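Asker: Starting from these lines, generate the structure:
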Amino acid sequence: MATLLTDSQLLGKLVAFDSTSEKSNLPIADFICDYLGGSAIEISRNENDDHAKVNLIIRVSGRNDDNRNGLVLSGHMDVVPAAEPQWQSDPFNLLETEESFVGRGVADMKGFLALAINAARRAAGRGLARPLVLILTYDEELGTLGAQHVADTWQAPFPLPQSAIIGEPTSLRVIRMHKGYLKMRIVFHGKSAHSGFPDLGINAIEPAGPVITALSKLARELRNERPENSEYFPETPFVALVQAMISGGTALNIVPDRCELRFGARLMPGMESGPLLTRIETAIRDCGDLDGCSFDVISESAPMLTGDDAPIHRHLCDMLGQTESFGASYATDAGALQRLGLDCVLFGPGTIEVAHRPNESLGKREFAEAARLLERIVADFCES
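Answerer: From the prediction side, this is the model:
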């Protein structure tokens, strides 16, 4: 087994891997496997179809493994790109200032990964009464693809603990629900021609106009609705539908033969996507003859909803003195992992406000406090 690193040393090692989602995550996954390799730790590799990406399911066994007690810690290994010119240091070389760590992914979410990995390493050295399981995923940033692959394909040779912490940056607040995210597109097909003779072609851009107007109307309707659990999202207590990208045409003197509109919708916890998709399809169909139009879902990240009385939520709230329930307006791996029968909460160091931005940072004091809290949580769920 490799030499045990301090939490900050391990964070530096993880940040040094450019695990941007567009690249293979095998280098960082192999490093984690080597670092945790040992007789007391069982590692299962859950690869995608082309074997370029891999999820890791890591278990520190307990003396009592035949029920669903214990704890799951989960985080994603991928990060968003760091191409912004505003970076003041190498984003893949951990910078330590007096108060913070700076680097791509320190908050979202390699800080938590470092703490979880070291927690497993230390737990393996002292033995546990109940198992500790790490689920480390790929391509969360592309639509929770790795977590969905785990939920769809992984055949557990052992029962997973029911209580799970997904280490998103929550400023050490416990969050028991989040919105889902539907990514959709409409493609309008036409026929190209010289723009001097437009009747010889079929313009693919023009029919996009009424559809854009119809979706804008639907978005306004959704803003005025208050679905169940909307009270936990005071800033956006509705399903947010946003038309975000449009492209079409090749040159000013060519009738465009293709136009693509991409848009997304953030569903409330507890909502199914079917009824909203029906409303979208109806809005499109009501725009008239759109025979050259196709609509499809690019990806779907499910909402997450865990009961206020779930043991993991109650335990963390009691430990922290938190009396409120909170929701997050972004999607995470928890939406897919709950399909494995997990009670999921979000809890981790750092703030989402610095994620996906230049000079991403994580406060040293919060990192150290998160380490202390995580050790206590592991002890409470896996040792006592």
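Asker: mind listing what's buried in the helix or strand Ala29 falls within?
Answerer: Ala29 belongs to helix 26-36 when assigned by DSSP states H and E. By neighbour count on 16 or more other CB atoms under 10 Å, the buried set for helix 26-36 is Leu26, Ile28, Ala29, Phe31, Ile32, Tyr35, Leu36. C-beta coordinates here come from the backbone N, C-alpha and C atoms, glycine included.
Asker: Tell me the one among these nearest to Ser329.
Answerer: Minimum distance to Ser329 across the buried residues of helix 26-36 is 28.1 Å, recorded for Ile28 (CB to CB).
Asker: Identify the residues contacting the spatially closest residue to Arg258 that is not a sequence neighbour.
Answerer: Spatial nearest neighbour of Arg258, chain neighbours left out: Ala204 (5.2 Å); criterion: CB to CB, 6 or more residues apart in numbering. Residues near Ala204 by CB atoms under 8 Å, 6 or more residues apart in numbering: Phe188, His189, Gly190, Gly248, Gly249, Pro256, Asp257, Arg258, Cys259, Gly292.
Asker: Narrow those residues to just the buried residues.
Answerer: The buried subset of the contacts of Ala204 (16+ other CB under 10 Å) comprises Phe188, Gly190, Gly248, Gly249, Pro256, Asp257, Arg258, Cys259, Gly292.
Asker: helix or strand for Asp296, which one?
Answerer: In this assignment (DSSP H and E), Asp296 forms part of strand 293-301.
Asker: looking at it, Asn25 is touching Val79, isn't it?
Answerer: No - applying CB atoms under 8 Å, one finds Asn25 not in contact with Val79, separated by 9.9 Å.
Asker: Looking at the two, which has the bigger crowd around it?
Answerer: Neighbours were counted for Asn25 and for Val79 using other CB atoms under 10 Å; Val79 has more, 30 against 27.
Asker: Which parts of the stretch 1-150 of the chain are strands?
Answerer: 41-47, 54-60, 71-76, 95-96, 100-102, 132-137 (DSSP state E, counting those that start in this stretch).
Asker: Over to the stretch 151-300 of the chain?
Answerer: Remark: strands assigned in the stretch 151-300 of the chain by DSSP E, counting those that start in this stretch are 163-166, 177-178, 181-189, 240-248, 258-266, 293-301.
Asker: With mean pLDDT as added columns, please give those in CSV.
Answerer: As requested, these are exported to CSV (pLDDT from 0 to 100):
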stretch, mean pLDDT
strand 163-166, 98
strand 177-178, 97
strand 181-189, 96
strand 240-248, 97
strand 258-266, 97
strand 293-301, 93
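Asker: Can you list the low-confidence ranges for the stretch 1-150 of the chain?
Answerer: Residues of the stretch 1-150 of the chain that meet the criterion pLDDT under 70 lie in 1, 66.
Asker: let's see 80
Answerer: Across the stretch 1-150 of the chain, the ranges flagged by pLDDT under 80 are 1, 38-39, 64-67.
Asker: how deep is Leu71 tucked in, by neighbour count?
Answerer: 27.
Asker: which residues touch the closest residue to it other than its chain neighbours?
Answerer: Nearest non-adjacent residue to Leu71, counting by CB to CB, 6+ apart: Phe381, 3.9 Å away. By CB under 8 Å, 6+ apart, the contact set of Phe381 is Asn69, Gly70, Leu71, Arg130, Leu132, Pro161, Ser163, Ile312, His315.
Asker: Would you mark the buried spots in whatever helix or strand Phe381 lives in?
Answerer: Per DSSP H and E: Phe381 is located in helix 364-382. Buried residues in helix 364-382, counted by 16+ other CB under 10 Å: Lys364, Glu366, Phe367, Ala370, Ala371, Leu373, Leu374, Ile377, Val378, Ala379, Phe381, Cys382.
Asker: repeat for stretch 57-66
Answerer: Buried residues in stretch 57-66 (16+ other CB under 10 Å): Ile57, Ile58, Arg59, Val60, Ser61, Gly62, Asp65.
Asker: can you give me the end-to-end distance of stretch 185-203?
Answerer: Taking CA to CA, to the nearest Å, the first and last residues of stretch 185-203 lie 18 Å apart.
Asker: where along this protein do the helices fall?
Answerer: Using DSSP state H, the helices of the chain run over 7-15, 26-36, 111-126, 145-153, 208-223, 273-285, 311-320, 334-337, 364-382.
Asker: so of these, which one's packed in deepest?
Answerer: Stretch with highest mean neighbour count among those: helix 334-337 (a mean of 27; mean count of other CB atoms under 10 Å).
Asker: nearest residue to Asp65 other than its sequence neighbours?
Answerer: Pro131 (5.4 Å).
Asker: For Thr250, the count of nearby residues, please.
Answerer: 11.
Asker: ok, back up a step: so which two of the buried ones among the contacts of Ala204 are the farthest from each other?
Answerer: Gly249 and Gly292 (14.9 Å).
Asker: Quick one: residues contacting the most centrally placed residue in the chain.
Answerer: The chain has Thr332 as the residue nearest its centroid, 3.1 Å off, counting by CA atoms, centre = their mean. Residues in contact with Thr332 (CB under 8 Å, 6+ apart) are Glu140, Thr144, Ile166, Glu168, His178, Ser301, Met304, Leu346.
Asker: And those residues, which of them are buried?
Answerer: Among the contacts of Thr332, those classed as buried by 16+ other CB under 10 Å are Glu140, Thr144, Ile166, Glu168, His178, Ser301, Met304, Leu346.
Asker: Going by distance to Gly105, which of these wins?
Answerer: After measuring the buried ones among the contacts of Thr332 against Gly105 - CB to CB - the closest member comes out as Glu140, at 11.3 Å.
Asker: Quick check: the closest one touching His149?
Answerer: No - counting by CB under 8 Å, Glu140 stays clear of His149, with 11.2 Å between them.
Asker: Point out where the stretch 151-300 of the chain drops to low pLDDT.
Answerer: For the stretch 151-300 of the chain, applying pLDDT under 80 flags the ranges 156-158, 289-292.
Asker: which residues sit against stretch 42-49?
Answerer: Identification of contacts with stretch 42-49 by CB under 8 Å, 6+ apart yields 29, 33, 36-37, 53-59, 61, 138, 145-146, 149-150, 153-154, 157.
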